[in-house]
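Peer 1: Here is a sequence with its predicted model. Questions after.
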Amino acid sequence: MEDQYSPEYGPSWPDRRVERLLGALVVFVVGLLLALIAVVIVRAWPSFAHNGPAWFGPGGSVEDQLNAISLSAATGSHYIYTFHAWPLIWSTILITGGAVLLALFAALFVSVFIVEFAPGWLANVLQPVVRFLASVPSVIYGLIGVVVLVPFIGNHLVSEEQKASVAGVISLTGYSLLAAVTVLTVMIAPLMVSIFSDGLRAVKPGWLEGSLALGVNRWRTVWKIGVRSARPAIVAGTVLALARAIGEAVMLAMISGSVAFAPNPADGLIFIYEPSRPLAPTIVKNIDQLSSPPFNATLFSIAAVLLFAAATASLAGHLARRAMRKYGAA
Amino acid sequence: MEASISTAVAAGHSGAAAPPPPGKHGAAVEGSATWRLGDRIGLAICWGLGLLFCAIAVAVALYLFVQGITYLKPAMLTTPAASGFSQSESGGFSDALIGTLMVATLGIVLALPVGIAIAVWLVEYGRPAALARVAESTIEAIAGIPSIVLALFGTVIFSSSALAFLSRSNEGVVFGKSFFAAGAMLSLVALPLIVASVREGLNSIPRHVREASYAVGKTKAATTRRILLPACRPQVATGAVLGLGRIIGDTAIIVVLLGATQNFGPVEGAPFPLDYLRGVGTTLTNFVYEASPTGNLNQPQKAYAAAFVLLIMILILNAIVDLIHRRSRKVGTWSS
């Protein structure tokens, strides 16, 4: 197994040793990921084991449950784990779902515009604009949301009657689904645009020319041929944006309202003005409780759900991309 | 008419080789006047959304510039935060500024070598193939992990007694929050970007370059170190700068793993750089979060000022990426 070169004459870094060293590093990083998954599951286990499937269900007030959990650690006699996270899950679904759908719509049109229809000067402006929007830290979006968007919604969009109609249940101050979805859309759409437009540029020109030669106009050609064959890139971009949206904690902690409330679309359009709090911001808001064992398990159980959701999204994206590979591009 | 349309569009499509750059069609492009109404509405939506993107970017940048220039005082950059009731008494955010630089340095110093090594292994070695597939999915998975989950994982790792030397410990209880902890977890945030960028660079080097190097008796390791890595220096730099941007912009890991204080909290008794690195601190993102109206400090004017400084940093990083791209394009690509 020793290297075939003697140290005096051979290279100081023989190939085999380098390969092993790099391989070991790769194994270490793979192991780190496995350790992360294991740690999160093990830490989360008490909470899941205690609640069972009810963890995901509704029941009681989340705030009261969190208080009880933190109190039980303070008294120390016996830990309480009861936690029904449905309002948080529902808020996550509404906010990320809404933002991803809106961003998907906007990003598709904008990337088609950049690649096909924008005049040269505008495309040259849009590309740095997209890159800029994608690189602004989320906390800055959060700050702008808090000081501009939230007061605007609270003072101008929500009418006094609407505020009065839900006065006993929740107060409408502008911290709302609408604010959260808007800012999250602005955050994730640029990510999508940059991946989508790479995909659209990679479409084989011959396919588009074929369609044009048949007399199909440019608009239809782009959508029927370009966008369709760029579908793997569209799936990839959407999944990446979805993962980012699910995991976004700080910005949403700032503007989503920080009340574990489940806005009900059945109440009419007013639900978009109602505050809520998704899963990830719940961790940030309660991070100072991390040292109490039952609360630790609860926070890790939320993290486990986030991890699972992100993993499911990327796995689904992977499978979808594989199924679409026959369409060619990307 | 039809023929001129297709050639014009084809010229646009056939990529960088054709004289007009992609996206720019010749003058003889089919107008939208002959399209059906639905298609024309679609094009209008395209224009609307495209202009909306520009408007949002201009609004964000202008708003922060105006607020930043209004509220940013040079003294804020040099005075640490202090406890005080009004915004004029509570000092600046020099600790946050230095903290950002520290975290960025630590994160990139960890992420860059590891990222390059993984990319080199994936492209140049990649055996056994099963491990290569697993490694690839691992990198992809790390890119998808929410940073708040990474942060919680960090609290477990760095409060283990084996890693007590990386943070403050008190009677056997390891605090687990320090610049080391935050930097290490942030390096995982930057890692996928670096790996992706360096891989792209290595993949773009044609085989014959490697073969030429082997032919003169270089080992694979020497080829990688002397030929391949220098050749993809632009991609390494791009990956590093993109990673830096993500590190600087991350808040969740900082809030959880850096102690959520407003000042440095060096560990007593440790030698100079280590006492700060093992201690807690703050960064600009954390400062903006805390100083925003929803945070504990509620000093929006300083939040603006810090956000402005942060934005300037991000803009500088963006400009560096641009510069690298333009430079590397000027140097040209490999001919095969």
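Peer 2: Received it, and whenever you're ready, just let me know what you need. All values reported here derive from a predicted model rather than from experimental measurement.

Peer 1: CA only for contacts and neighbour counts going forward, please
Peer 2: OK.

Peer 1: Around chain B, pick out the residues from the stretch 201-330 of chain A.
Peer 2: Counting by CA under 8 Å from any CA of the partner chain, the residues of the stretch 201-330 of chain A lying close to chain B are A:201, A:205, A:209, A:212-213, A:215, A:217-220, A:240, A:243-244, A:246-250, A:254, A:280, A:283-284, A:287, A:300, A:303-304, A:306-307, A:310-311, A:314.

Peer 1: Just the buried ones from those residues?
Peer 2: Applying a neighbour-count criterion of 16 or more other CA atoms under 10 Å in any protein chain shown, the buried members of these are A:201, A:205, A:209, A:212, A:217-219, A:240, A:243-244, A:246-250, A:254, A:280, A:283-284, A:287, A:300, A:303-304, A:306-307, A:310-311, A:314.

Peer 1: Give me the nearest residue to residue B:158, chain neighbours excluded.
Peer 2: The spatially closest residue to residue B:158, leaving aside those adjacent along the chain, is residue B:176, at 4.5 Å (CA to CA, 6 or more residues apart in numbering or on different chains).

Peer 1: show me where pLDDT drops low in the stretch 51-200 of chain B?
Peer 2: Applying pLDDT under 70 to the stretch 51-200 of chain B flags the ranges B:84-89.

Peer 1: Please name the residues that touch residue A:235.
Peer 2: Shown in contact with residue A:235 (CA atoms under 8 Å, 6 or more residues apart in numbering or on different chains): A:317, A:320, A:321.

Peer 1: Quick one: the strands in the stretch 1-150 of chain A, in order.
Peer 2: Listed in chain order, the stretch 1-150 of chain A contains no strands at all (DSSP state E, counting those that start in this stretch).

Peer 1: so where's it shaky on pLDDT?
Peer 2: Looking at the stretch 1-150 of chain A by pLDDT under 70, you get A:1-12, A:76-77.

Peer 1: next helix or strand past the one helix or strand residue A:196 maps to?
Peer 2: Assignment of secondary structure by DSSP states H and E places residue A:196 within helix A:177-201. Stepping forward along the backbone from helix A:177-201, the first helix or strand reached (DSSP H and E) is helix A:205-213.

Peer 1: about what we covered before: okay, buried residues for the helix holding residue A:196 please.
Peer 2: Buried residues in helix A:177-201 (16+ other CA under 10 Å): A:177-201.

Peer 1: Can stretch B:192-202 be said to contact chain A?
Peer 2: No: counting by CA under 8 Å from any CA, chain A has no neighbours in stretch B:192-202; the shortest distance is 11.3 Å.

Peer 1: And chain A, is stretch B:212-219 touching that?
Peer 2: Yes: against chain A, stretch B:212-219 shows contacts by CA under 8 Å from any CA at residue B:219.

Peer 1: And that stretch, end to end?
Peer 2: Chord length of stretch B:212-219, first to last residue, is 11 Å (CA to CA, to the nearest Å).

Peer 1: Mind checking which of the buried ones among the residues of the stretch 201-330 of chain A next to chain B land in helices?
Peer 2: Filtering these for membership in helices, criterion DSSP state H, returns A:201, A:205, A:209, A:212, A:218-219, A:240, A:243-244, A:246-247, A:250, A:254, A:280, A:283-284, A:300, A:303-304, A:306-307, A:310-311, A:314.

Peer 1: hang on, the residue nearest to residue B:158 is in a helix, isn't it?
Peer 2: No: per DSSP: H, G, I helix; E, B strand; the rest coil, residue B:176 lies outside any helix segment and is coil.

Peer 1: check contacts around it.
Peer 2: Residues in contact with residue B:176 (CA under 8 Å, 6+ apart) are B:155, B:156, B:157, B:158, B:159, B:160, B:164, B:166, B:167, B:168, B:169, B:257.

Peer 1: Can you list which of these are found in helices?
Peer 2: By the criterion of DSSP H, membership of the contacts of residue B:176 in helices covers B:155, B:156, B:157, B:158, B:257.

Peer 1: Who wins on neighbours among these?
Peer 2: Each of these was scored by neighbour count (other CA atoms under 10 Å in any protein chain shown); the top score is that of residue B:257, with 29 neighbours.

Peer 1: Over to the closest residue to that one other than its chain neighbours: give its phi and psi.
Peer 2: With CA to CA, 6+ apart as the criterion, residue B:257 has its nearest non-adjacent residue at 4.8 Å, and that residue is residue B:177. Dihedral angles phi and psi of residue B:177 (degrees, to the nearest 10) take the values phi -120, psi 120.

Peer 1: quick one: residue B:177 and residue B:155 touch, right?
Peer 2: Yes: under the criterion of CA atoms under 8 Å, residue B:177 makes contact with residue B:155 at 7.2 Å.

Peer 1: Mind checking what helix or strand follows the longest helix belonging to chain B in sequence?
Peer 2: Residue-count comparison of every helix in chain B, with assignments taken from DSSP H, identifies helix B:37-71 as the longest. Helices and strands here follow DSSP H and E; after helix B:37-71, the next one along the chain is helix B:74-78.

Peer 1: who does the next helix or strand after that following helix touch, helix- and strand-wise?
Peer 2: Beyond helix B:74-78 on the C-terminal side, the first helix or strand identified by DSSP H and E is helix B:94-120. In this structure, helix B:94-120 packs against helix A:15-51, helix B:74-78, helix B:179-203, helix B:233-249, helix B:284-291, with contacts taken as 3 or more CA pairs under 8 Å, 6 or more residues apart in numbering or on different chains; DSSP states H and E.

Peer 1: and the first one, is it in reach of chain B?
Peer 2: It refers to helix A:15-51. Yes: residues of helix A:15-51 contacting chain B under CA under 8 Å from any CA: A:15, A:18-19, A:22-23, A:25-27, A:29-30, A:33, A:36, A:39-40.

Peer 1: Buried residues of that helix, list them for me.
Peer 2: Going by neighbour count (16+ other CA under 10 Å), the buried part of helix A:15-51 is A:16, A:18-19, A:22-23, A:25-27, A:29-30, A:33, A:36-37, A:39-41, A:43-48, A:51.

Peer 1: Which residue, other than its chain neighbours, is closest to the residue most central in space within chain A?
Peer 2: Centre of chain A computed as the mean C-alpha position; nearest residue by CA atoms, centre = their mean is residue A:245, 2.0 Å away. Ranked by CA to CA, 6+ apart and with sequence neighbours excluded, the top spatial neighbour of residue A:245 is residue A:96, at 5.6 Å.

Peer 1: What of residue A:112?
Peer 2: residue A:197 (7.0 Å).

Peer 1: ok, residue B:324 touching residue B:234?
Peer 2: Yes: contact criterion CA under 8 Å: residue B:324 and residue B:234 qualify, at 6.0 Å.

Peer 1: Please say which of those two ends up with more neighbours.
Peer 2: For residue B:324 versus residue B:234, the count of surrounding residues by other CA under 10 Å is larger for residue B:234: 22 against 18.

Peer 1: Next up, phi/psi of residue B:232, please.
Peer 2: phi -110, psi 30.

Peer 1: before we move on, back to that, and the helix holding residue A:196, what does it pack onto?
Peer 2: Helices and strands touching helix A:177-201, as assessed by 3+ CA pairs under 8 Å, 6+ apart, comprise helix A:86-112, helix A:120-135, helix A:138-144, helix A:231-247, helix A:250-255.

Peer 1: at 10 Å what do you get?
Peer 2: With contacts taken as 3 or more CA pairs under 10 Å, 6 or more residues apart in numbering or on different chains; DSSP states H and E, helix A:177-201 sits against helix A:86-112, helix A:120-135, helix A:138-144, helix A:150-152, helix A:228-229, helix A:231-247, helix A:250-255, helix B:37-71.
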